[in-house]
Structures are given as structure tokens and as C-alpha cells.
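*Asks:* I need the structure of the sequence given here:
(chains A and B)
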Amino acid sequence: MRRLTYLLLFNRNKVGHMNTKHIRILFLAIVCFIMGAGISSCFQRKQTTPIKLMTSIFPLKEFAHAVAGDWGEVELLLPPGAEIHAWHPKPSDLVKLSSADVFVYIGAELEPWVDDILRSVKNPNLHVIEASRGLSLIGNSSGEHKHGVRDPHIWLDFANDKKIIDRIAEVLSQIDPDKRAIFQENADIYKQKLDAMDERYRKGLDRCGQKTIVLAGHAAFGYLARRYNLSQISLYGLSPDSKPTPRQLIDVINFVKDREIGAIFFEINVSSKLARVIAEETGAKTLVLNPGASLPRRQDNSGITFLSIMEKNLESLKNGLRCR
Amino acid sequence: MEVFFLYGFFQRAFLAGVFIAIACALLGIFLILRRDAMIGHGLAHVTFAGVALGLYLNVMPLAVALFVAVVASWIIMKLKVKAGLHGDTAIAIFSSVGFALGILLVTLSQSFNVDLFSYLFGEILAIETSEVVFSIVLAFVVVLLVVVNYHKFMYMTFDRESAKASGIKVDRLDGLLTVLTAVTVVLGMKVVGILLVSALVVIPAAAGLQVASNFKQAIVLSTFISITSIVIGLVLAFLLDLPASGSIVLLSFLAFGILFVFRRSRR
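*Replies:* Next up is the predicted model:
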């Protein structure tokens, strides 16, 4: 309205000889034009503009992209090399989020900033998907004393991923009911890939010399371990933002020595220094195991997918756990 | 206790700590007497910028930090003389600018994680053999330089103008002291972290100066306090899971406090 008044005043100044009647007609014309444009864009919106999806971590981006296909634009908040537990969104991310249609995040305290930004972003059209909701979460098993700590690394269980994909498909279908069949089909195609990968994990990790994944990082692989009857021990707890104590380091070293464990796994985006320390003390080798939350920094990341990351992880695990 | 000596990482932390303690105590005495106690603090902040630059460029942070700290120490020296900045103004400027630059680079490089924390608070669990060797070499260089230039340093510390007049190359010695401090700060960073490394330079030396009746006594006493606080601090860290940095600094402060009270009561 202020804009219109301004236009009116502006026009009066410029075309001072016009009488009030002309000005009224002009005013009306402008109002009609703006309203018409607004209404028509409302009607067209769903057909032409792709659905804008924002995701917190890389696997969610891949899932969202797999479901939405060409009908959606998916953006990833977490930049390459960033560590999800420590990263914070930038002001420009909030701007993007305020014009997005769907926001998918993990929850279970993986992204501690989510509550704050959802409160500050005023976007009534935003559909928020908390991926961990409704899944069976692993409680705290890493020996931390905090109560109610839940393991947020749910995407490392392919069954969870399939449920997340179903929910993304459901929300996209609500936004654009005409394409329900397309979204459902896309979801099914990707879920088949996950099933195939799940099967390869099951076979690959069936007969292994060791059943314990020793992590020189944080306890990110609880879901993966649970799914394939393995266990994990780690230097840090569920989040790598604290430092291990000497006692923890010694415990891990002794564990590796006692069980004659052949390999220690470390994360690609977290320092490998402590893995090297353990390796030096024990003679075990070090292998990369990537939780895949973000892409590695400063590399050609084209062609890297969540599935290719999991493929590499399987190779590392088979190698490190001496699987046949 | 002995069990800890079985672990390589403990031996490395221990060795590096002892030799850094020696360098810190020696340099600290001269810096305090020259009223330059804050230089360690300033250089530590600049070191943060160096570490961040290393993380950003994805090259060895320690090497970059060393380079940046040495360059900064040289600039601080020059600023003090040439720009006519009084006292610790140059240090105050550089410490804030260093930290500001560090925060910027760390954010750009997206490495706000355990890597960065290990530099801010020390990383006694992952001191590398090369860093131990560096520390030993540094300690030897510092001791050697102090022994060789002992009288010059003394003269310069207590009466700079006369020292200059008598033909001592005051500026060169100044530079030497500052550069050595920069190197010490960078190496000390591994043990107690950027945020507390300046305490290693200042507190043991200040404690020694409380009760020493002459310069040699001050050197011996400060070195002793420095080594003891680091050794006991590390042992506490390994036995009780306390943070090494905090324990070491608080222990040296305890020594300072005891000697302070001792001096007061003696009067």
C-alpha cells in the first residue's frame, strides 16, 4: 500500500497537469495490475517453480534429490569439510531457508542450532521434516554421564534411510499432489538401491575375524554396528567436540593390543592424529571410515554419493575387520 | 604411575614439556625484567592466526604458525622502535588483529572442530616426535644464547642506553629474544594451548624473581619451578584426567603464590 501511495505521489509530481480523475484511473489500473500479477502467480506457482528443499547433511540431500528428481531444487546447508556437530548456519542460510518449501534435518541434537533458526525464520510455507522422529533411536551407550543423550547418526542404518525417504515423498506429495505417483516411483527406485547396498553389507560383514569397530573418532557407527551385529568402541562420545582423556586413549590402546585388533578407523573430516598415535603404540593400521555427513574439503567431489561413500566404508570395514 | 611411561605419547609429552619449560623460564626472566611480559600473550594470539592460516591452506598448521609468529614478532619489534608506539601498544594491536584474523580464517576453512580445540587448549596426547626434537633443539639454542650473551643481556636488561653506548648491538639482541619467544610460544602451544601458553613464559619466571637475590639464582629457581609445574601438571593430567594446560598453569601460580607469601613474611 505504501508503495502505491508513493507511486501516486510520484506520478502527480511528474504529470502535474493531470486532473484527479486521470490519477484515479491510473491508480486503479496499477492496483488491478499488481493484484492480477499476484493472483496469477499464486495459481501458476505449483506448476512451474520447482519445490525448494533444504537439507542439513549430505545423505539427506541425496535422499531429497532422489525423491524430488527434476521437480525439486535441493540445497545442502553443511559445506564440504565441515563437522556437523560444530557447524553453525550463516546469515545467508537463514535467508535461503525463509524462501524454502521443505527443510529436512536429522534431529536428536545432531544440529543443535535447528530450534533457534526455525524460530527466527518466518516462513509459514515451510514443511519441516525431523528425520529421527518416529525412528527407534539408540540411547547413550558411550559411557557419557549425561541423561537422555540419543545417538543421532541414524542415516548409517539403511532401514532408517528408507523410512526417511518415504516421509520426504509424503511431504512432497502434499505440496504437489499431482506428482504423487512420480515421487513415489522415485522413492521406490532409490529404496531398491539402498536394499541392494544393505544386502551387500549383510553378506560382506557376515563372517569377520573381528566384531568390534575401533574408532579413533566419535561414536558415529552405532546404527551400522547394530544392524550387522557388530559393536563399536570409540575415543570420543557421540560428538567429537570434546577431547579424549589420557585414560580413554590408554583404554583404547589396551583394547586394541589385548584383542589383537588389526585396524583402527578414523573419520575423514576429523583429525587423524590420534589414530596415528594409537597405530604407533599398537602396530595396527589406520583406515578411513566416513560417516558421510559432509563431503570432504577441497577435493573434486563430483561423483561422490552417499552410496559411493557407503561402498568405500564397506571395503574399509571388510579390510579392517578381516571379513571373508 | 610407571605404567604411563610405557606409552609413547606420554614420553613425548613429558620430554617436550621439560625442554619447553627450560626455554620458557629463561626467556621469561629477561622479558619480565624488560617489562615485556605481555609479548608472549601477544604472540600467542598471533599464533592463532598462523594456525588458522595453516588449517585454511591445508598445510602443516604448526609450520605456518611458526612462520607467522616469527614474522609478527619482528614486526612488533619494528613497530615499537619505528612507529614510536609506547610500551605494549604494538602488542595490544597485534594480539587482537591476530585473533581477529584467526577467527576469520577458521570460519572460512570450516574447521571449527576438535582440530581447532586442540590448538586452543593444547594436545598432550598427540605430540609428534618431530615436535619433541624441535623442543629439545629450541631449549639448547636458548640456553646457548643466554650463556654466550649472558653479560650483554644483563647489561641491556638493566641499562639499555648505556649498553647501547658501550657498543652492544641492542636491537639485534632484542630481535633474538623476541624471535626465540615466538618459537617457544608456538612449541608451548602443543602442551598447554594458545590460550595459556603465555603463562608458561611469565609465571615461573615471575615466581623465581620473587625470592632470588641475584640473577643466577633467579634463572635456576625459575627453571626449576617451570619444569616442576609442567611435570606435575602432566602427571595429574594423565592420572586424574585433568586438563594438562589448566593444571600446569595453576601449579606454577601456586608456586608464585607460595614464594610471594614467603618473601612478604621474610621482610
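*Asks:* Help me confirm that A:Glu111 comes into contact with A:Ser56.
*Replies:* Yes: at 5.1 Å, A:Glu111 counts as touching A:Ser56 under the criterion of C-beta atoms under 8 Å. C-beta: built from backbone N, CA, C; applies to glycine.
*Asks:* Need the overlap of contacts for those two.
*Replies:* The contact sets of A:Glu111 and A:Ser56 overlap at A:Ile84, A:Tyr105 (C-beta atoms under 8 Å, 6 or more residues apart in numbering or on different chains).
*Asks:* Looking at those two, which has the bigger crowd around it?
*Replies:* A:Ser56 (25 against 22; other C-beta atoms under 10 Å in any protein chain shown).
*Asks:* Once you drop chain neighbours, what's closest to the more buried one?
*Replies:* Of all residues beyond its chain neighbours, the one nearest A:Ser56 is A:Tyr105 (4.0 Å), with distances taken as C-beta to C-beta, 6 or more residues apart in numbering or on different chains.
*Asks:* where does the residue positioned nearest the centre of chain A land on pLDDT?
*Replies:* Nearest to the geometric centre of chain A sits A:Ile57, at 2.2 Å (C-alpha atoms, centre = their mean). For A:Ile57, the model assigns a pLDDT of 93.
*Asks:* Quick check: it vs chain B, distance?
*Replies:* 14 Å (C-beta to the nearest C-beta, to the nearest Å).
*Asks:* so that residue sits right up against A:Glu83, yeah?
*Replies:* No: between A:Ile57 and A:Glu83 there is no contact under C-beta under 8 Å: 10.9 Å.
*Asks:* residue ranges for the helices of the stretch 101-250 of chain B, please.
*Replies:* Assignment of helices within the stretch 101-250 of chain B using DSSP state H, counting those that start in this stretch yields the ranges B:114-121, B:129-148, B:150-158, B:160-165, B:170-192, B:197-211, B:215-240, B:244-266.
*Asks:* Including distance to chain A, mean pLDDT and mean neighbour count, could those go into JSON lines?
*Replies:* Converted to JSON lines, these look like this (distance: least, C-beta to the nearest C-beta, whole Å; pLDDT from 0 to 100; neighbours: other C-beta atoms under 10 Å in any protein chain shown):
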{"stretch": "helix B:114-121", "distance to chain A": "5", "mean pLDDT": "75", "mean neighbour count": "21"}
{"stretch": "helix B:129-148", "distance to chain A": "9", "mean pLDDT": "91", "mean neighbour count": "17"}
{"stretch": "helix B:150-158", "distance to chain A": "37", "mean pLDDT": "87", "mean neighbour count": "17"}
{"stretch": "helix B:160-165", "distance to chain A": "44", "mean pLDDT": "87", "mean neighbour count": "13"}
{"stretch": "helix B:170-192", "distance to chain A": "11", "mean pLDDT": "88", "mean neighbour count": "23"}
{"stretch": "helix B:197-211", "distance to chain A": "17", "mean pLDDT": "93", "mean neighbour count": "26"}
{"stretch": "helix B:215-240", "distance to chain A": "4", "mean pLDDT": "92", "mean neighbour count": "20"}
{"stretch": "helix B:244-266", "distance to chain A": "9", "mean pLDDT": "92", "mean neighbour count": "18"}
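*Asks:* Tabulate those helices (TSV), appending distance to B:Gly102.
*Replies:* Converted to TSV, the helices of the stretch 101-250 of chain B look like this (distance: least, C-beta to C-beta, whole Å):
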stretch	distance to B:Gly102
helix B:114-121	9
helix B:129-148	20
helix B:150-158	32
helix B:160-165	33
helix B:170-192	12
helix B:197-211	14
helix B:215-240	25
helix B:244-266	18
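*Asks:* got the contact list for the closest residue to chain B within the stretch 101-250 of chain A?
*Replies:* Closest residue of the stretch 101-250 of chain A to chain B, C-beta to the nearest C-beta: A:Thr245 (4.0 Å). Contacts for A:Thr245 (C-beta under 8 Å, 6+ apart) come out as B:Asp241.
*Asks:* In three-state terms, label the residue lying closest to A:Trp113 once chain neighbours are set aside for me.
*Replies:* Nearest residue to A:Trp113, sequence neighbours excluded (C-beta to C-beta, 6+ apart): A:His88, at 5.5 Å. Following DSSP: H, G, I helix; E, B strand; the rest coil, the label given to A:His88 is coil.
*Asks:* and A:His88, backbone torsions?
*Replies:* phi -130, psi 140 (degrees, to the nearest 10).
*Asks:* my guess is it meets A:Asp116, correct?
*Replies:* No: using C-beta under 8 Å, A:His88 makes no contact with A:Asp116, being 9.5 Å away.
*Asks:* before we move on, the earlier item: which neighbours do A:Ile57 and A:Glu83 share?
*Replies:* A:Ala293, A:Ser294.
*Asks:* residue ranges for the helices of the stretch 51-200 of chain A, please.
*Replies:* Under DSSP H, counting those that start in this stretch, the stretch 51-200 of chain A gives helices at A:58-68, A:91-97, A:114-120, A:158-175, A:180-204.
*Asks:* tell me which residues in the second one are buried?
*Replies:* Going back to what we said before, that points to helix A:91-97. A:Asp93, A:Lys96, A:Leu97 (16 or more other C-beta atoms under 10 Å in any protein chain shown).
*Asks:* what's residue 149 in contact with, if anything?
*Replies:* Since you didn't name a chain, this refers to chain A. A:Glu109, A:Gly139, A:Asn140, A:Gly237, A:Leu238.
*Asks:* wrong one, I was asking about chain B
*Replies:* B:Leu173, B:Leu176.
*Asks:* what's the answer for A:Glu267, then?
*Replies:* Contacts of A:Glu267 (C-beta under 8 Å, 6+ apart): A:Leu215, A:Gly217, A:His218, A:Ala220, A:Pro240, A:Val288, A:Leu289, A:Asn290, A:Pro291.
*Asks:* same question, B:Leu33
*Replies:* When contacts are counted by C-beta under 8 Å, 6+ apart, B:Leu33 touches B:Thr157, B:Phe158, B:Leu209.
*Asks:* Okay, buried residues for whichever strand or helix holds B:Ile20 please.
*Replies:* Assigned by DSSP states H and E, B:Ile20 belongs to helix B:8-33. By 16+ other C-beta under 10 Å, the buried positions in helix B:8-33 come out as B:9-10, B:12-33.
*Asks:* now do stretch A:71-91
*Replies:* Buried-residue list, stretch A:71-91, by 16+ other C-beta under 10 Å: A:71-74, A:76-78, A:80-87, A:89.
*Asks:* so how far is stretch B:143-160 off the chain centroid?
*Replies:* Distance of stretch B:143-160 from its chain centroid, counting by C-alpha atoms, centre = their mean, to the nearest Å, is 19 Å.
*Asks:* ok, now stretch B:79-89?
*Replies:* 22 Å.
*Asks:* Make sure A:Ile304 is actually in contact with A:Leu295.
*Replies:* Yes: between A:Ile304 and A:Leu295 there is a contact at 6.0 Å, judged by C-beta under 8 Å.
*Asks:* one step back: state the pair within the buried residues of stretch A:71-91 that is farthest apart.
*Replies:* A:Trp71 and A:Ala86 (33.6 Å; C-beta to C-beta).
*Asks:* still on that earlier bit, could the buried residues of helix A:91-97 go into a markdown table alongside distance to A:Ile278 and pLDDT?
*Replies:* Listed next are these as a markdown table, based on distance: C-beta to C-beta, whole Å; pLDDT from 0 to 100:
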| residue | distance to A:Ile278 | pLDDT |
| --- | --- | --- |
| A:Asp93 | 36 | 89 |
| A:Lys96 | 41 | 90 |
| A:Leu97 | 40 | 91 |
